[in-house]
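In: Okay, sequence plus prediction incoming.
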Amino acid sequence: MIMLLTKKELELMNVLWESGEPLTSREIIDAAPNRTWHDKSIHLMLKSLIDKGLVAIVGNKPAKTKFSYLIEPILSSEEYAASQSSHLVVDNSAFLVAFLKEKKIDKKHARELLQSVVSYIEDQED
């Protein structure tokens with residue numbers, strides 16, 4: 001099972017997911033101008049995400065005076081959401097949609113799943 005992310009780690013992952021390409025720590029900071037991230041905090045969060053197996057170093061890129069590592073997510077946002085099923089609240093429809101997409105559930109099976117959920121809810125109301 002993949003570990004839960006902290007709020008800040010999830011914000012950083014969202015920057016990576018939205019970019020669609022590997023980024024350096026400086027590019028992550030620049031892509032999130034509404035955040036007050038600093039080099040040191042970014043490096044600590046990236047180390048944590050590497051340790052959790054959620055991002056990988058995939059190369060390097062010339063920077064001002066040195067080379068910077070290029071970082072990319074190992075999982076898509078949908079894969080991460082689907083992996084967190086036991087930690088999500090029941091009314092989180094985003095989880096259900098991500099699960100359906102991740103598992104490539106066709107319309108027939110999605111309807112069956114929806115009917116099962118409706119039946120469960122109706123049984124709980126009795």
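Out: Right, received. Where do you want to start? Residues are numbered from 1 along each chain as shown.
In: switch to C-alpha atoms for all contacts and neighbour counts from now on
Out: Noted.
In: Need the residues that contact stretch 42-55.
Out: 2-3, 8-9, 25, 29, 56, 71-75 (CA atoms under 8 Å, 6 or more residues apart in numbering).
In: Switch these over to CSV; also include neighbour count, distance to residue 122 and secondary structure.
Out: Listed next are these as CSV, based on neighbours: other CA atoms under 10 Å; distance: CA to CA, whole Å; DSSP: H, G, I helix; E, B strand; the rest coil:
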residue, neighbour count, distance to residue 122, secondary structure
2, 11, 32, coil
3, 12, 33, coil
8, 14, 38, helix
9, 17, 38, helix
25, 19, 49, helix
29, 19, 47, helix
56, 18, 45, strand
71, 21, 46, strand
72, 21, 43, strand
73, 22, 40, strand
74, 15, 39, coil
75, 15, 35, coil
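In: Kindly present these as a markdown table, with separate columns for distance to residue 36.
Out: Output for those, formatted as a markdown table (distance: CA to CA, whole Å):
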| residue | distance to residue 36 |
| --- | --- |
| 2 | 27 |
| 3 | 25 |
| 8 | 11 |
| 9 | 13 |
| 25 | 13 |
| 29 | 8 |
| 56 | 23 |
| 71 | 20 |
| 72 | 21 |
| 73 | 21 |
| 74 | 25 |
| 75 | 25 |
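In: what two of these have the greatest distance between them?
Out: 2 and 29 (24.9 Å; CA to CA).
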